[in-house]
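Novice: the sequence isn't on hand, but the structure is:
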């Protein structure tokens, strides 16, 4: 009886936190989405959503591109340093997390000095007699900023799963005559899928909703849904339209999480480890 009371008491802080910082903000977004500036029920903001479908699709495209690049770069890196000694693994994890200790805005702003027309790269090119390149205010610069900022979120979940993998399964496959390629394709890759799915989710979601990266590295030339929402809230003071677009973004994110959890559940049943 006392243990039940203690467990209920321990649940209360999390319940209060969830209500204040999860349920209440979502309820406010839903409220503003279906009302007008006077607070009366209205579908005017919802009816404007179709005009922003190209922007939403562009956001998804950029998010997918950055996520695929992060996966291509992150999986081999996580796999390789998971084979290091424990001491070296801790060092590599520290190096992966080190950029995350710096402010997100500073990390993004630093790329402006690297990719700018008079930045480090173009200065080096002109110094050897080559023509400067158009690096800043392009789609490539935006994707580069996404990859740079969110790559650790792909590496760490994959590394966590692979480092905890049962080596006896790999040894058994090798003893049965499997090649290294076959072992990786039939043993390592399936068992690491929970980490891959977690990494994809943790990278794709912030990439789709980002706005600061596009503002600084896109220079206003690339407008994603996050930029539109930020403009509606900050500049246009149109909370209703901003909330309606945020609602669409939340639905997209929930669908993404649902798909990942669906496939992740199968992997968990097969013996994988879910982060």
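Specialist: Nice, I can see it. Computed from a predicted structure; not experimentally measured.

Novice: would you map the helices across the chain?
Specialist: Assigned by DSSP state H, the chain shows helices spanning 2-18, 24-33, 44-47, 53-81, 86-97, 104-115, 120-127, 139-163, 167-175, 180-183, 189-209, 212-217, 225-234, 239-269.

Novice: I'd like the ones you listed as a markdown table, with mean neighbour count and mean pLDDT appended.
Specialist: For glycine as for every other residue, the C-beta is placed from the backbone atoms N, C-alpha and C. Listed next are the helices of the chain as a markdown table, based on neighbours: other C-beta atoms under 10 Å; pLDDT from 0 to 100:
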| stretch | mean neighbour count | mean pLDDT |
| --- | --- | --- |
| helix 2-18 | 9 | 70 |
| helix 24-33 | 15 | 93 |
| helix 44-47 | 16 | 94 |
| helix 53-81 | 18 | 96 |
| helix 86-97 | 13 | 91 |
| helix 104-115 | 15 | 92 |
| helix 120-127 | 13 | 93 |
| helix 139-163 | 22 | 95 |
| helix 167-175 | 12 | 86 |
| helix 180-183 | 12 | 88 |
| helix 189-209 | 23 | 93 |
| helix 212-217 | 23 | 93 |
| helix 225-234 | 19 | 94 |
| helix 239-269 | 17 | 82 |
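
Novice: now do the contacts for residue 187.
Specialist: By C-beta atoms under 8 Å, 6 or more residues apart in numbering, the contact set of residue 187 is 169, 170, 173, 178.

Novice: what's the closest of the residues you listed to residue 81?
Specialist: residue 170 (16.9 Å; C-beta to C-beta).

Novice: right, and the closest one touches residue 180 too?
Specialist: No: contact criterion C-beta atoms under 8 Å: residue 170 and residue 180 do not qualify, at 9.7 Å.

Novice: give me the common contacts of these two.
Specialist: Common neighbours of residue 170 and residue 180, using C-beta under 8 Å, 6+ apart, do not exist here.

Novice: which residue is nearest the middle of the chain?
Specialist: Among the residues of the chain, the one closest to the centroid is residue 203, at 2.0 Å (C-alpha atoms, centre = their mean).

Novice: in contact with that one, which residues?
Specialist: For residue 203, the contacting residues are 66, 67, 70, 71, 150, 151, 153, 154, by C-beta under 8 Å, 6+ apart.

Novice: recalculate using a threshold of 7 Å.
Specialist: Neighbour list for residue 203: 66, 67, 70, 150, 153, 154 [criterion: C-beta atoms under 7 Å, 6 or more residues apart in numbering].

Novice: against residue 34, how distant is it?
Specialist: 31 Å (C-beta to C-beta, to the nearest Å).

Novice: do the same with residue 21
Specialist: For residue 21, the distance to residue 34 - C-beta to C-beta - is 22 Å.

Novice: more neighbours: which of these two?
Specialist: More crowded of residue 21 and residue 34, by other C-beta atoms under 10 Å: residue 34, with 17 against 10.

Novice: quick check: closest non-adjacent residue to the more buried one.
Specialist: Nearest non-adjacent residue to residue 34, counting by C-beta to C-beta, 6 or more residues apart in numbering: residue 41, 6.1 Å away.

Novice: my guess is the one you found contacts residue 33, does it?
Specialist: No: using C-beta atoms under 7 Å, residue 41 is not in contact with residue 33, being 10.8 Å away.

Novice: give the contact list for residue 74.
Specialist: So residue 74 contacts 151, 154, 155, 158, 199 (C-beta under 7 Å, 6+ apart).
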